[in-house]
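Novice: For reference, the sequence and a predicted model appear below.
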Amino acid sequence: MGGVRTALYNYLIAKKAGGDFILRIEDTDSHRFVPGAEEYIIESLRWCGIVPDEGLDENGKLAETPDERNPHAPYRQSQRKGIYRKYAEQLVAGGFAYYAFDTAEELEKCRAQAEASGQTFIYNAATRKDLRNSLTLEPAEVEKLLSERSDWTVRFRMPEDEVVAMDDLIRGHIEVNTSTLDDKVLWKRADELPTYHLANIVDDHLMEISHVIRGEEWLPSLPLHYLLYAAFGWERPQFAHLPLLLKPVGNGKLSKRDGDKMGFPVFPLKWVAPTGEVSRGYREDGYFPDAFVNLLAMLGWNPGTEQEIFSMSELIEAFSLEKVGKSGAKFNPDKAKWFNKEYLRMRSDEELTGLFMPILKEHGVEADKDMVREVVALIKERATFVADFWDISWYLFKAPEEYAEKDAAKFWKSENVDMAREALNATASAEEMEGYIRDREWPMGKVMNCIRLALTGSSSGLGIADIMRFVGREEALRRFRRAEERLLL
RNA sequence: GGUGGGUUCGUAUAACGGCUAGUACUCAGGAUUUUCAUUCCUGCAAUAGGAGUUCGAUUCUCCUACCCACUACCA
């Protein structure tokens, strides 16, 4: 959800400004490769109606070779491998970065040592002079290690005691002293891949990105990114760090565990992890994509008016980063359902009928489409999801097999049954029957609920007139006789 | 621990430094209905605490508390 919301806000900003929304896959961590994840992202965006202007080819796959539509291809960073090394070396040549030869074990030792004395190890100006890198080693030794070893890295040379002044479109002005920051790894010789920081800046520059809109967890990296743009001498984009999506109860970031625990999806689409673990999706849970987009848009943003229902084009029109909040937004599953309910009501009977037909078929019901459309018109206001339709209206399609015990105890009494039987037999329609009961001053509620119990198996549901209209008088009488046979008095 | 960010009803949020702090969801009550649901009405409920600036602070400043993120050869 958080990822989709970030994509959505990026999309809205791009579309509002008449710009392009580009899809790029940042897969520079070879250890974290998850099969199917890329396809999942693409399909999720498509379901939401967030269509990239650039990044996908005519088959909907990530474009791999540049053409008119996708001039910056490839869009998968693992396929752009070759372009990052020279930028890393450019930084080294300019004195903004250096080669580091410390092994994972050595660094681990440093951290353990620092921790033992109650400190935190930071690889920066304060410590790098005691470590093995191209700043401390002789040039000849550096050359030797560079060619002999394959586990070195390029690290950013974080300046000492400088204040980085930054501006965020959402958070305003922020200042950080570089002495609290570390010499981040920019490029790894081991897999010849950059880390996020280098790849992101290089690609954003190459792809002419104007706005970096991402989650708040990236805020601590912003000084580094500012410094990187400055080191390259590139114009930097504008930055906006979005508030986090928080779990509905308690504290902390929204996680898929919360969804399982509280019964709501955290993923846009059903996701089957390589481990076999299944996470439910909004699509599979019956949410409409525009409802999902709408509720996501309202998580952290507000239009400044009382309007809550927005189509995608209305969102593009109304959206602005100035109205995005600073604090984390707790997700409210009840409100999510409310959104879907509203969208369900806005759907045409025709469309809903098309969605209900296959569900009826699954339940073994072969119903006439025109009849189903009438049913839909009658029940759509009572439902939150299309999947609710069957629970609400099944008795219009088949007779009840059992009767709610409580309701039967309350309404299936001999005097009620006698009146109901007489009214049912003496009249030809529900309207006529109502008049019949009224004329005799019989208790309407008792008689009607007695009939409803026979027709539906419980004392709650649609109006008797509606039920009888769909079921027909003959079937109604048949169900009543059946109830008389099955229910004790 | 360090650095950064955040804090208005339970939740999402509104309020040029100035009405009785508004709206939506949830919940409760009522009206309508043959029942249920819908619909409509009503209600419950908040500026984290403390200083300061000001005629006046939800809004600006500082302190405290609490929450979150980051602190990897992950993104």
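Specialist: Looks like it came in fine. Numbers count the residues shown, from 1 in each chain, chains lettered A, B, ... in the order given.
Novice: hey, where'd the helices end up in the stretch 51-200 of chain A?
Specialist: Listed in chain order, the helices of the stretch 51-200 of chain A (DSSP state H, counting those that start in this stretch) span A:81-93, A:104-116, A:139-148, A:196-206.
Novice: For RNA strand B, which of those helices is the nearest?
Specialist: Nearest of the helices of the stretch 51-200 of chain A to RNA strand B, taken as C-beta to the nearest atom of the strand: helix A:196-206 at 3.4 Å. For glycine as for every other residue, the C-beta is placed from the backbone atoms N, C-alpha and C.
Novice: So what touches the next helix or strand after the closest one?
Specialist: Per DSSP states H and E, the first helix or strand lying C-terminal to helix A:196-206 is strand A:211-215. For strand A:211-215, the external contacting residues (C-beta atoms under 8 Å, 6 or more residues apart in numbering) are A:2, A:6, A:9-10, A:13-14, A:169, A:204, A:225, A:237-242, A:244, A:321.
Novice: Now go through the residues you listed and say which are in helices.
Specialist: A:G2, A:T6, A:Y9, A:N10, A:I13, A:A14, A:D204, A:H225 (DSSP state H).
Novice: can you put those in a markdown table and add distance to A:L352, neighbour count and pLDDT?
Specialist: Putting these into a markdown table (distance: C-beta to C-beta, whole Å; neighbours: other C-beta atoms under 10 Å; pLDDT from 0 to 100) gives the following:
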| residue | distance to A:L352 | neighbour count | pLDDT |
| --- | --- | --- | --- |
| A:G2 | 31 | 20 | 93 |
| A:T6 | 32 | 16 | 97 |
| A:Y9 | 30 | 23 | 97 |
| A:N10 | 32 | 22 | 97 |
| A:I13 | 33 | 21 | 97 |
| A:A14 | 33 | 19 | 97 |
| A:D204 | 44 | 20 | 98 |
| A:H225 | 48 | 21 | 98 |
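Novice: which parts of the lowest-mean-pLDDT helix or strand in chain A are buried?
Specialist: Ranked by mean pLDDT, DSSP states H and E, the weakest helix or strand in chain A is helix A:256-262, scoring a mean of 81. By neighbour count with 16 or more other C-beta atoms under 10 Å, helix A:256-262 contains the buried residues A:K256, A:D258, A:G259.
Novice: With adjacent residues omitted, what lies nearest to A:G3?
Specialist: A:I41 (7.8 Å; C-beta to C-beta, 6 or more residues apart in numbering).
Novice: Isn't the one you found up against A:I25?
Specialist: Yes. Counting by C-beta atoms under 8 Å, A:I41 does reach A:I25; the two are 7.4 Å apart.
Novice: Any chance you could list what contacts the host helix or strand of A:K406?
Specialist: If you go by DSSP H and E, A:K406 is part of helix A:405-411. By C-beta under 8 Å, 6+ apart, the surrounding residues in contact with helix A:405-411 are A:K446, A:N449, A:C450, A:L453, A:S458, A:S459, A:S460, A:L487.
Novice: and the third one, what does it touch?
Specialist: What it means is A:C450. A:F411, A:W412, A:K413, A:N416, A:V417, A:M419, A:A420.
Novice: a strand runs through it, doesn't it?
Specialist: No. The assignment for A:C450 (DSSP: H, G, I helix; E, B strand; the rest coil) gives helix, which keeps it out of a strand.
Novice: one step back: as CSV, the helices of the stretch 51-200 of chain A with distance to A:I122 would be great.
Specialist: Putting the helices of the stretch 51-200 of chain A into CSV (distance: least, C-beta to C-beta, whole Å) gives the following:
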stretch, distance to A:I122
helix A:81-93, 20
helix A:104-116, 8
helix A:139-148, 23
helix A:196-206, 16
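Novice: residues in contact with stretch A:113-121?
Specialist: Against stretch A:113-121 from outside (C-beta under 8 Å, 6+ apart): A:L107, A:C110, A:R111, A:T127.
Novice: for it, what is the average pLDDT?
Specialist: The average of the pLDDT scores along stretch A:113-121 is 86.
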